[in-house]
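1. Next input, structure requested:
(2 chains)
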2 protein chains.
Amino acid sequence: MRELADRYHGTVLVVGGEGEKCRQVALSYGFRDVITPGDIIKANQHVAPFRKLTDEEYRNSRDLLAEGYRSLQDVVVEAVFVFADSRDWASDLQIILDVAMSKGGRLETRSETFDEGPPIYFSHSDVVWSAAHEHVRLGMGALRRIVEVVFEEVTGGKKLETHAFGKPQIGTFEFATRLLQQWRAAQHGLPDSRPPRTVYFVGDTPESDVRGTNAMDARSENTWYSILVKTGVYQEGTVPAYRPRKIVPTVLDAVKFGIEREVARRRAGGSAPNAKLLPLDGMSKDVLNDGAQNRVPSVQVHGDHD
Amino acid sequence: MRELADRYHGTVLVVGGEGEKCRQVALSYGFRDVITPGDIIKANQHVAPFRKLTDEEYRNSRDLLAEGYRSLQDVVVEAVFVFADSRDWASDLQIILDVAMSKGGRLETRSETFDEGPPIYFSHSDVVWSAAHEHVRLGMGALRRIVEVVFEEVTGGKKLETHAFGKPQIGTFEFATRLLQQWRAAQHGLPDSRPPRTVYFVGDTPESDVRGTNAMDARSENTWYSILVKTGVYQEGTVPAYRPRKIVPTVLDAVKFGIEREVARRRAGGSAPNAKLLPLDGMSKDVLNDGAQNRVPSVQVHGDHD
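-> Numbering: from 1, shown residues only, chains lettered A, B, ... in the order given. Okay, here's the model as predicted:
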């Protein structure tokens, strides 16, 4: 989403997360004018009849009408970003749909054709995620589906296509590639134009992690090697909807597997003459420690380069 | 829903409304063991990762584990009732789906076939309703659709059929008929076996009010006369999806129309010899006063009987 700050110079609506966190993140990405559902409810409490802002939410929310907007109809939303999990689905859904049905993003208006709302981006589209509960919990992907279905319902059959970042979208893997190249150059002085020969991609969700890695592998010159762990969404004994190259119990096992495979290839002479194993840095160690916890982060262990 | 208290003698899950209100209503209907989403979250906070009960909610919720249940798996839900608008869609949706996907209603279990959950009832199925905001707001019917769509999504395509009371379901109009007959007998001493010759049904929503009234009219010996008002969901200038017999500005206009039509028929000799106009009682007056407010109640003005 960071890369979209250059595209939208006006007002963007940012949804999700705890308190003011997502507004701050959006501003740090370079978005210039960031409003939240709380700002809209503060200006018109009737937007969400069953939502009452807490005192703290009310205080932290922007007072749009005091800032010079004569009415909410003066506010034009250029894009909607769902940055993090919504904390109030009913009011966030209502506000996203209001904007989607508006005349060109202008708040409190209604399009006659329902096809002129601004683009809506979700930071990922996993329908469920693995949390502390025994069974997976609904996540942002479910809300995304809900936005699309209810839009169709209330507009008498019009379609709404929202956008999602994150896995399995290829753009996410390309973004990771760019980050990885920058990191290899900055941290290890490796030429940043040369990609790692093998990227080990570890994840717990076949539909996003494995699917995206396999798709990236199919279109890349280098190898994207999918590893599925059993500590998250994927349940042992079931057949994953997308087949990983390897299934291991935990993230730590996945990292060990990647290292051992690289060492073995090196011994077998499969590596280029100047290949070297990179030392783990602090971030990597943190990731390995996280592997012991319940929510499994997806990490890339990248092997040597040619 | 009152009439279902005879069918479900065990534990029922009641969803929606402010605080403890819906539990109390369910108990007053005769349901014997009523649990709420708050009770489940109190027993296992991981059910809804982003929902925190307020101190008051925590205090008011039942402590199922202290009442003798060894674990939530000992609780078997016989039916789910969405009595009133949910105040927290994410956690209520999660809990309804958990029960729908369970082995026969047993909490915290998962069916292998996803076809053995208990029945789920919604007290109505209007997708939108007319509140203080200029544009209609999402209502319980939207949540019902969401429950069905997300169930399909997370079960890999299984269908969930929920039940809805309320308009346009014929059962609702039949229930209203029974209430009306009781009221005519108790209040005015009219023989309760004889239905009113004409029932004027006033509503703001073509898809529920007008649709149901016209369907009831088609199958009844007496006349169900649909009147649509312009103060709610229906917007002037649009073509209603279901055609009412009459469109008037407000509820008060609808009542006047019904009275005048009855008086005219009486003068023209269309009434039975013993027909009389019933005086308005307190309840009717309250309804007329409500007509001035934004949320339009649906009222029946019943004419004379044969």
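2. Work out for me the element the residue lying closest to residue A:39 once chain neighbours are set aside sits within.
-> Nearest residue to residue A:39, sequence neighbours excluded (CB to CB, 6 or more residues apart in numbering or on different chains): residue A:62, at 4.4 Å. All C-beta atoms are positioned from the backbone trio N, CA, C, and that covers glycine. Using DSSP states H and E, no element contains residue A:62; it sits outside every helix and strand.
3. do residue A:102 as well
-> Take DSSP H and E as the rule and residue A:102 turns out to sit in neither a helix nor a strand.
4. For it, give me its contacts.
-> When the contact criterion is CB atoms under 8 Å, 6 or more residues apart in numbering or on different chains, the partners of residue A:102 are A:77, A:108-111, A:116-117.
5. For residue A:144, which residues are in contact?
-> By CB under 8 Å, 6+ apart, the residues touching residue A:144 are A:82, A:122, A:125, A:162, A:164.
6. circling back: quick one: which of the contacts of residue A:102 is most hemmed in?
-> For the contacts of residue A:102, counting by other CB atoms under 10 Å in any protein chain shown, the largest number of neighbours falls to residue A:77: 25 neighbours.
7. Report the distance from the top helix by length along chain A to the chain centre.
-> Longest helix in chain A by number of residues, with DSSP state H as the criterion: helix A:170-188. What separates the centre of helix A:170-188 from the centre of its chain is 16 Å, taken as CA atoms, centre = their mean, to the nearest Å.
8. following it, which helix or strand shows up next?
-> Read in the C-terminal direction, the helix or strand following helix A:170-188 is strand A:198-203, with elements assigned using DSSP H and E.
9. Point out the other elements, helices or strands, that that next one touches.
-> Based on contacts counted as 3 or more CB pairs under 8 Å, 6 or more residues apart in numbering or on different chains; DSSP states H and E, the elements that strand A:198-203 packs against are helix A:211-219, strand A:223-229, helix A:251-267, strand A:299-302.
10. now that strand and helix A:251-267, what's the angle there?
-> If you take axes from the mean of the first three to the mean of the last three CA atoms, to 10 degrees, strand A:198-203 sits at 170 degrees to helix A:251-267.
11. re the thing from before, of the helices and strands packed on strand A:198-203, which approaches residue B:228 most closely?
-> Nearest to residue B:228, of all the helices and strands packed on strand A:198-203, is helix A:211-219, at 49.4 Å by CB to CB.
12. do you know how far the residue nearest to residue A:39 is from chain B?
-> Counting by CB to the nearest CB, to the nearest Å, the gap from residue A:62 to chain B is 20 Å.
13. thinking that residue is in contact with residue A:40, fair?
-> No. Distance between residue A:62 and residue A:40: 9.5 Å, which falls outside the contact criterion (CB atoms under 8 Å).
14. Of these two, which one has the most company?
-> When residue A:62 and residue A:40 are compared for neighbours, residue A:40 comes out ahead with 26 against 18, by other CB under 10 Å.
15. so what's the backbone phi/psi at that one?
-> The main-chain torsion angles of residue A:40 are listed as degrees, to the nearest 10 and equal phi -70, psi -40.
16. And residue A:17, by the same measure?
-> When quoted as degrees, to the nearest 10, the phi and psi of residue A:17 stand at phi 80, psi 180.
17. need the contact list for it.
-> Residue A:17 sits in contact with A:25, A:83-85, A:87, where contact means CB under 8 Å, 6+ apart.
18. what do you get for residue A:100?
-> When the contact criterion is CB under 8 Å, 6+ apart, the partners of residue A:100 are A:80, A:114, A:117-118, A:120, A:147, A:151, A:160.
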